[in-house]
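K.L.:
next come a sequence and a model predicted from it.
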Amino acid sequence: MKSLLKSVKILIYSLLLVSACAIAVFAHDRIDYKQYKYNWDHNVGQYARPDVRKNVTDLTSAEKTAFVKAIKTLKTVIPAGSKLSIYDQFVAIHIGATRLIHNHKGHSNGSVQELAHENAAFFPWHREYIRRFEQALQAVDPNVTLPYWDWTDAKALDVIFNDDFLGSNGQGVTIKIPNQGNFTGGIVPGAFSAAYGWVMNPALNIDLDTNTSLGTSLVRFLKLPPATDYPVPKKDVERALALNDYSLFRPALEGFISVDEQGKVTPGGFVHNYIHGLVGGVQIDASTRPVKFKGLGTMSNIPSSPYDPVFWLHHANADRLWAEWQENGPSR
Ligand SMILES: [Cu+2]
């Protein structure tokens, strides 16, 4: 009789425990995670709470501090058995991807074939890349997500390039441009300077075309002519988003072509590509045909551009726009 009573007690406790769990799960499950169809967590076997990426202009000052702190941690932590910090490894991955096909096919004529840029892989490759970086940040601080830089948002430029976040324009170099005036740029002071531990690996920060090192400092030439216009016109982004064909949408948003309302295609440097130049600075040598572009700062040297922390905000926005494009048509 006593043992029967004991069994009943255990049964009641178990039932209470199970129902308590059920309530907890139900309360937790009010949000319909199924709508986030890409977020199935294979390890747990349920829809995971999605990470939310915010517009950089909506970050609180605590969120800005946490983001910078997590980035700096990745720059300092060197995993056992490696010579590179986690951050430097991410930069190396980007550099490797720009040359992978070239090496893989064993070309010896010096021609360069891109894997992660200038072809269809641009969006998916960067989606995976920045997500892995975001997860590395979350291993430092689980509350951090990548903010995005909406290039059409006039306020964003001052919010990002500010001493309380990713640092200002570079300093110390004056460039005189006839009929346009004097422009400054150079090494970025503040939180992303050498004095605060932002020292790039000179063997990674290289111009692959000339095989010369670009040094150890973060360099910016913000809004140097010809890349003086900011924000990016909304219609430029909208026109790219309206293109149904991925083989047009991709080069239009990556920024190699512009497609007008009549469908006329003009080559040039727009949206994503333009922003790399707006931050890093690009000079034009008009004496040659075709006209030669010379990148000055970190963001203008595409392979090692993730050394400028704004890279992640820039690509979070490219990824956001691709997601928007994908959602706007079943054929996409
Ligand atoms: Cu890239």
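P.N.:
Perfect, I can see it now.

K.L.:
tell me which stretches of this protein form strands.
P.N.:
40-41, 46-47, 171-177, 181-187, 206-207, 212-213, 219-220, 257-259, 265-267, 282-285, 292-295 (DSSP state E).

K.L.:
list the contacts of the spatially closest residue to Glu261 that is not a sequence neighbour.
P.N.:
In space, and not counting its chain neighbours, Glu261 is closest to Arg239: 7.3 Å by CB to CB, 6 or more residues apart in numbering. No exception for glycine: its C-beta is placed from N, CA and C like everyone else's. Shown here is Arg239, whose contacts under the criterion CB atoms under 8 Å, 6 or more residues apart in numbering are Ala252, Ser258, Val259, Asp260, Glu261.

K.L.:
list the buried residues of stretch 135-143.
P.N.:
For stretch 135-143, a neighbour-count test (16 or more other CB atoms under 10 Å) marks Ala136, Leu137, Val140 as buried.

K.L.:
with the residues you listed in mind, which one is nearest to Asn317?
P.N.:
Ranking those by separation from Asn317, with CB to CB as the measure, puts Leu137 on top at 16.9 Å.

K.L.:
do you know the pLDDT at that closest one?
P.N.:
Confidence per residue is given as pLDDT, and for Leu137 that number is 97.

K.L.:
what sits against it?
P.N.:
By CB under 8 Å, 6+ apart, Leu137 lies in contact with Phe67, Ala70, Ile71, Leu74, Val144, Thr145, Leu146.

K.L.:
repeat that for 10 Å
P.N.:
66-67, 69-71, 73-74, 86, 143-146, 312 (CB atoms under 10 Å, 6 or more residues apart in numbering).

K.L.:
buried subset of those?
P.N.:
When burial is judged by neighbour count using 16+ other CB under 10 Å, the buried members of those are Ala66, Phe67, Ala70, Ile71, Thr73, Leu74, Ile86, Val144, Thr145, Leu146, Trp312.

K.L.:
inside helices: which ones of the residues you listed?
P.N.:
Taking DSSP state H as the definition of helices, the buried ones among the contacts of Leu137 contribute Ala66, Phe67, Ala70, Ile71, Thr73, Leu74, Ile86, Trp312.

K.L.:
taking these together, which two end up most distant?
P.N.:
Using CB to CB, those span at most 17.0 Å, a distance reached by Ala66 and Ile86.

K.L.:
what about Gly160, neighbour count?
P.N.:
To be clear, residue 160 is Ile; Gly isn't right here. Around Ile160 sit 22 other residues, with neighbours defined as other CB atoms under 10 Å.

K.L.:
what separation do you get for it and Ala194?
P.N.:
Relative to Ala194, Ile160 is positioned 21 Å away (CB to CB, to the nearest Å).
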